[in-house]
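Asks: what follows is a protein structure lacking sequence information:
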């Protein structure tokens, strides 16, 4: 199965499109209409135009190669709708309705019936029970949710089990000034699951990192193997550390499963895990915009000691370490700033100053350092060392992360300059340190486990996967 | 010692004021000049005006009752400066310079000498080695840092051991739309430490919650006792869970100390602890703007299951619990929304809808619920249930927290309306859940330990306090 027709369609049909504002068939059509290709509203009981396109009564009557159907009809209508899609040669469908496997009983049977029809016609099914997906780079907004038209393009593919959490992550990416290459809510994963999505985005040239939001899946082995096969870094957020039980099952038809088992499994297959939505997007920003780190050794440069202590503590707890700098680097730092507050790792300059960028360069060039993290409260008179940071990561072939705090309007320009220079940017000392920690864990997992070479597995978590009741 | 002259001065002298931009004596004067009372630039080698005020050569020559001196001179000049302050009847001084106790040896002797002079004249010393403090409500900006003039007034007093972290917290409070009643960087705590600051802000009518950033202190017992005596809720962020050692000591002259000992001590004295700057400000927003919760039982209402699972998991891990709702409440919920996605706790409505506010009210009125947490992705057509949330917390006498995600510009108006209604607002599901968890822990600490009644202590951590080398 290729997901080309789902994520890169030539034309789209919105089945159950409606002229009534507030209805899913209206909201989905409004967002789909942004697409720069043909979008057909389909509804047998409506005529006229919607967002400039003429209503048609059935997908079988469209004189065009439609790849993708957005299905805004109730669950019980889906089998007939999907049959028609098959007849029309449509290769992908998004099913927004709920009341399928997550509801148990008849809902489960209905979902099984859909999968059968889809398999017969070779249709990729996203959902059911999803808010859909976005590919901002081609203006593809296949979601009924408010505001999705404002999610900007970035280089991280968000693959969320829950459509709602997928939206949370997409909106966060906008607030953080980053954006997404794609955002997908898998929902019930009728026949498009984690493995298929990971494989697709690994080969997607707009995507430099893949993040997973996982509640629980009965197909853990394939998900983990897809992670291992992926050349694009994958980071996972497995929710449900405490017992969420029945409520989780009612959601996307899967128990949240054994948290430790998943975490160990991800580690074994080369995937660092995190514990919050913002940490997930931060880790992706670090991994997706940096050279791959060779090891877990972080060199920290800070202009203020207090945040430096927080960062040092946090990196160590997150799996990174702060090596002593070489004598050469310490001498160099001392030459640049005689009487510097603290010349070892972290290097603390006490205040921002014009030499700050030179200090960062010296630490970045230290052979003991694999990852560089810079913290500097914004001072208007000094600004950020944009010139020194621009291109530094590529030159030393190491991630260089930057975090600051200040009045947003004052630092916006310089922040944009750092973004243009490809420097990952973080809002709090803890989040920057956690991102450096994720880089360190990624480096450890790919060095120790030999994951990159398909190395040996030690505990085969995939075989003891927790399964849902289906 | 009262800190009235420090935090509520009639007139201010800026000693070492300078007309040279970028110098601390210029930046501190620029910020101090915002104050709506007399501000005197003091410098024996400069004449003319600075920010509309005439230079004077010494504080002893000011014909006015100056309460507060901001000292922008190097450390070795401080003893003479402080003597003159004493002669002039100045009751409080901020010392920005570093090179005192945190530097060891002669620096320590210099600090001891200053404390002696201060004690003799009854001067409260903030610092040395601090960026100063802010009281936005009276336009008092006694800091040399960029951007402090933009920190808005709020109801949380930030007491940070590190001046830099104090600024981080103040800037965060602005980004979160909250502000501070005061922000203080204690630095070396020459004679104004945690205990003095807590006592002052407990009696400050602008302050409804106090947050502490703690690296380590040799006066743990007094700090903890001040916490216990405080009627205003106190929340603490103790940094240094892993070994930060020598670097921390070089900062404010204190080792970061035993993290577990501090955490246990705080708990025993009624103070919940958190583990990040944003969590600290979130917990304060929850505690400072809510009725005190009677217990740790959280009722969760969500419009989307995925964030609901995250929140449920996280609350349980943070010390809260989700009780089953009463049969009455479940029936009521079912009547409001027949066929609702999930009617127990969390209540999941599946999508936002006009009845959402009614559901929240039903859960808030459940006798088993002590704390209410609402999560709703923003939908333009529905908006937030502002009318139902306005006044709800006061009526049911329980905290009611709200979290959302969406396009900031779209939801800004409604967010402002919630803020006006006093509803604490959070940016991510995890941060909202962690704030509810902090409320739950606060309730537990004040119920179980009898802290509010000065109850019994079980392990006297204060006696085994880690001390710095002084």
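Replies: Right, received. Where do you want to start? Predicted model, so just to flag it, every value in this text is computed and none were measured.
Asks: what pairs with whichever strand in chain A runs longest, parallel or antiparallel?
Replies: The strand that spans the most residues within chain A, counting by DSSP state E, is strand A:153-160. Paired neighbours of strand A:153-160 in the sheet (DSSP bridges): strand A:180-185 (parallel), strand A:209-214 (parallel).
Asks: okay if I get those as CSV plus mean neighbour count?
Replies: Every residue, glycine included, has its C-beta placed from N, CA and C. Putting the strands paired with strand A:153-160 into CSV (neighbours: other CB atoms under 10 Å in any protein chain shown) gives the following:
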stretch, mean neighbour count
strand A:180-185, 29
strand A:209-214, 26
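Asks: sorry, back to before: what's the angle between the next helix or strand after the longest strand of chain A and strand A:209-214?
Replies: Counting by DSSP states H and E, the next helix or strand C-terminal to strand A:153-160 is helix A:163-175. Relative orientation of helix A:163-175 versus strand A:209-214 (axes from the mean of the first three to the mean of the last three CA atoms, to 10 degrees): 140 degrees.
Asks: list the buried ones in the biggest helix by length in chain A?
Replies: As assigned by DSSP state H, the longest helix anywhere in chain A is helix A:429-448. Across helix A:429-448, burial judged by 16 or more other CB atoms under 10 Å in any protein chain shown covers A:429-446.
Asks: figure out how far it is from the centre of its chain.
Replies: 16 Å (CA atoms, centre = their mean, to the nearest Å).
Asks: what's that helix packed up against?
Replies: On a contact count with 3 or more CB pairs under 8 Å, 6 or more residues apart in numbering or on different chains; DSSP states H and E, helix A:429-448 meets helix A:277-288, helix A:305-317, strand A:371-375, strand A:400-403, helix B:277-288.
Asks: make JSON lines from those and add mean pLDDT and mean neighbour count to it.
Replies: Below are those laid out as JSON lines (pLDDT from 0 to 100; neighbours: other CB atoms under 10 Å in any protein chain shown):
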{"stretch": "helix A:277-288", "mean pLDDT": "98", "mean neighbour count": "27"}
{"stretch": "helix A:305-317", "mean pLDDT": "95", "mean neighbour count": "27"}
{"stretch": "strand A:371-375", "mean pLDDT": "98", "mean neighbour count": "30"}
{"stretch": "strand A:400-403", "mean pLDDT": "98", "mean neighbour count": "26"}
{"stretch": "helix B:277-288", "mean pLDDT": "98", "mean neighbour count": "27"}
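Asks: tally of neighbours for the residue in the stretch 1-150 of chain A positioned nearest to chain B?
Replies: Per CB to the nearest CB, residue A:147 is where the stretch 1-150 of chain A lies closest to chain B, at 3.9 Å. Residues contacting residue A:147 under the criterion other CB atoms under 10 Å in any protein chain shown number 23.
Asks: so what's it closest to, chain neighbours aside?
Replies: residue B:407 (3.9 Å; CB to CB, 6 or more residues apart in numbering or on different chains).
Asks: contacts only, for that neighbour.
Replies: A:146-147, A:150, A:171, A:174, B:378 (CB atoms under 8 Å, 6 or more residues apart in numbering or on different chains).
Asks: mind redoing it with 7 Å?
Replies: A:147, A:150, A:171, A:174 (CB atoms under 7 Å, 6 or more residues apart in numbering or on different chains).
Asks: in TSV, list those residues along with distance to residue B:16 and pLDDT.
Replies: Shown next, in TSV, are the contacts of residue B:407 (distance: CB to CB, whole Å; pLDDT from 0 to 100):
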residue	distance to residue B:16	pLDDT
A:147	51	95
A:150	49	97
A:171	48	98
A:174	45	96
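Asks: quick one: pLDDT of the closest residue to chain B within the stretch 151-300 of chain A?
Replies: The stretch 151-300 of chain A approaches chain B most closely through residue A:162 (2.6 Å), counting by CB to the nearest CB. Listed pLDDT for residue A:162 reads 96.
Asks: likewise the one 5 residues further on?
Replies: At residue A:167, the pLDDT value in this model is 97.
Asks: hmm, it is touching residue A:133, no?
Replies: No. Using CB atoms under 7 Å, residue A:167 is not in contact with residue A:133, being 10.5 Å away.
Asks: what's the weakest-modelled helix or strand in chain A?
Replies: helix A:245-252 (a mean of 67; mean pLDDT, DSSP states H and E).
Asks: report the buried residues of the one helix or strand residue A:412 maps to.
Replies: For residue A:412, the host element (DSSP H and E) is helix A:408-420. Buried residues in helix A:408-420, defined by neighbour count with 16+ other CB under 10 Å: A:410-411, A:414-415, A:417-418.
Asks: contacts with chain B among the residues you listed, please.
Replies: Among these, proximity to chain B is found for residue A:410 (CB under 7 Å from any CB of the partner chain).
Asks: residues contacting the residue in the stretch 251-400 of chain A positioned nearest to chain B?
Replies: In the stretch 251-400 of chain A, no residue comes nearer to chain B than residue A:306, which is 2.6 Å away by CB to the nearest CB. Applying CB under 7 Å, 6+ apart, we find residue A:306 in contact with B:162-165, B:251.
Asks: so residue A:160 sits against residue A:185, correct?
Replies: Yes. The pair residue A:160 / residue A:185 is scored as a contact, 5.3 Å apart, by CB under 7 Å.
Asks: what residues do those two have in common as contacts?
Replies: In contact with both residue A:160 and residue A:185: residue A:166, using CB under 7 Å, 6+ apart.
Asks: show me what from the stretch 151-300 of chain A comes close to chain B.
Replies: Residues of the stretch 151-300 of chain A that fall close to chain B, judged by CB under 7 Å from any CB: A:162-165, A:167-168, A:171-172, A:174-175, A:215, A:239-242, A:244, A:247-248, A:250-251, A:256, A:276-278.
Asks: and residue A:329, how far is that from residue A:360?
Replies: Noted for residue A:329: a distance of 12 Å to residue A:360, by CB to CB, to the nearest Å.
Asks: show me where the stretch 251-400 of chain A has strands.
Replies: Secondary structure of the stretch 251-400 of chain A, counting by DSSP state E, counting those that start in this stretch: strands at A:273-274, A:298-302, A:347-348, A:371-375, A:400-403.
Asks: in TSV: the ones you listed, plus distance to residue A:7.
Replies: Shown next, in TSV, are the strands of the stretch 251-400 of chain A (distance: least, CB to CB, whole Å):
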stretch	distance to residue A:7
strand A:273-274	25
strand A:298-302	36
strand A:347-348	45
strand A:371-375	32
strand A:400-403	30
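Asks: who wins for proximity to residue B:81 among these?
Replies: strand A:347-348 (26.6 Å; CB to CB).
Asks: quick one: contacts of the closest one?
Replies: A:301-302, A:305, A:308, A:333, A:341-342, A:359, A:363.
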